[in-house]
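J.: When you get a sec, could you give me coordinates for this:
(one chain, ligands or ions: 2)
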Amino acid sequence: MTQTRGKFITFEGIDGAGKSTHIRFVADLIATRGVELVSSREPGGTPLGEKLRELVLHEKMHLETEALLVFASRREHIAQVIAPALERGAWVISDRFTDASFAYQGGGRGLDLAKIEALEQWVHPQLQPDLTFLFDVPLEVARARLDATRELDKFEREQSDFFSAARAQYLRRAEQYPHRFRIIDSSQTIPQIQVQLAEIMGKLA
Ligand SMILES: Nc1ncnc2c1ncn2[C@@H]1O[C@H](COP(=O)(O)OP(=O)(O)O)[C@@H](O)[C@H]1O
Ligand SMILES: Cc1cn([C@H]2C[C@H](O)[C@@H](COP(=O)(O)OP(=O)(O)O)O2)c(=O)[nH]c1=O
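T.: Numbering: from 1, shown residues only. Ligands and ions are numbered 1, 2, ... in the order given. Here you go, the predicted model:
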């Protein structure tokens with residue numbers, strides 16, 4: 001009998017939009033289905049990817065170096081984790097994927113989108129998420145939530161025009177791929193968002 005391919009679900013949004021909060025909730029929903037669940041993140045998700053994450057989040061570098069490193073981490077993540085898991089029927093949830101490169105390197109840093117598209121075509125010409133949650137929130141709300149919680153990394157210390165451009169790129173990607181994107185208004189309360197997430201997950205066959 002051939003194994004049914006698992007589902008690939010990604011979580012996106014500017015820093016402070018609430019991704020981490022809601023990933024845990026969705027992971028619990030998936031667990032009730034009795035399927036194997038692989039929970040991962042980018043940059044990272046493999047030992048090499050985690051080393052690259054340290055560099056990307058904390059070292060200053062040329063914007064193209066940054067783009068190449070997030071895609072290097074992604075290449076390893078797909079080879080070691082995502083593709084084998086999906087093949088054996090596991091569900092994979094990833095805290096960020098390629099839409100984040102369009103938002104942060106493309107929108108935030110201003111890297112030519114054609115270069116990111118070329119990297120996407122190179123690194124995963126076939127693979128796309130089955131479902132992408134985009135947690136969308138006004139910049140001031142995200143910033144206030146971040147300031148309240150933790151020490152900020154290189155990206156989180158960026159200015160509002162960086163996040164405004166990143167948010168715009170996320171919304172553009174959502175427009176481009178409406179079949180897989182679900183935009184969640186993250187200025188709602190956590191329980192309101194959970195109702196929406198449960199509804200969307202319930203419809204996922
Ligand atoms: N809808 C919400 N309403 C109020 N606070 C929220 C909401 N979503 C997240 N938070 C809080 O905002 C902070 C940042 O959320 P987090 O999930 O870590 O964001 P992200 O992973 O997107 O950076 C956390 O303290 C979290 O509890
Ligand atoms: C996946 C990816 C992430 N990033 C950035 C976005 C985030 O600011 C950062 C990862 O942080 P994030 O996933 O938000 O982790 P945490 O919530 O623990 O801070 O990396 C890129 O710039 N490009 C990418 O392709």
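
J.: immediately after the worst-scoring helix or strand of the chain on mean pLDDT, which helix or strand?
T.: Of all helical and strand segments in the chain, the minimum by mean pLDDT, DSSP states H and E falls on helix 139-149, at a mean of 86. Tracing the chain C-terminally past helix 139-149 and defining elements by DSSP states H and E, one meets helix 160-176 next.

J.: Pull out the buried residues from that next one.
T.: By neighbour count on 16 or more other CB atoms under 10 Å, the buried set for helix 160-176 is 162-163, 165-167, 169-174. For the C-beta atoms, the positions are set from N, CA and C on the backbone; glycine is no exception.

J.: is ligand 2 contacted by it?
T.: No - using CB under 6 Å from any ligand atom, helix 160-176 stays clear of ligand 2, coming no nearer than 8.2 Å.

J.: Average pLDDT for that helix, rounded please.
T.: For helix 160-176, mean pLDDT is 97.

J.: now swap in stretch 99-107 and tell me
T.: 98.

J.: ok, that stretch near ligand 2 or not?
T.: Yes - counting by CB under 6 Å from any ligand atom, ligand 2 is contacted by stretch 99-107 at 100-101, 104-105.

J.: So which of those residues sit within strands?
T.: Secondary structure assignment (DSSP state E) places none of these within strands.

J.: Any chance of CSV for those, columns neighbour count?
T.: Shown next, in CSV, are the residues of stretch 99-107 next to ligand 2 (neighbours: other CB atoms under 10 Å):
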residue, neighbour count
Ala100, 27
Ser101, 26
Tyr104, 27
Gln105, 26
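
J.: Need the residues you listed in CSV (columns: distance to Ala198).
T.: As requested, the residues of stretch 99-107 next to ligand 2 are exported to CSV (distance: CB to CB, whole Å):
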residue, distance to Ala198
Ala100, 25
Ser101, 29
Tyr104, 29
Gln105, 33
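
J.: I'd guessed Asp99 sits against Thr132; true?
T.: Yes - if you go by CB atoms under 8 Å, Asp99 and Thr132 touch, sitting 6.3 Å apart.

J.: who in this protein is up against ligand 2?
T.: Going by CB under 6 Å from any ligand atom, the residues of the chain near ligand 2 are 15, 20, 41-43, 57, 70, 95-96, 100-101, 104-105, 153, 155.

J.: which one of those is nearest Asp112?
T.: Gln105 (9.7 Å; CB to CB).

J.: Correct me if wrong: the closest one contacts Leu113.
T.: No - look at Gln105 against Leu113 with CB under 8 Å: they stay out of range, at 9.3 Å.

J.: neighbours around Arg88, how many?
T.: Neighbour count for Arg88, taken as other CB atoms under 10 Å: 12.

J.: what's around the closest residue to it other than its chain neighbours, how many residues?
T.: Excluding the flanking residues, the one nearest Arg88 by CB to CB, 6 or more residues apart in numbering is Gln3, at 6.2 Å. Residues lying near Gln3 (other CB under 10 Å) number 10.
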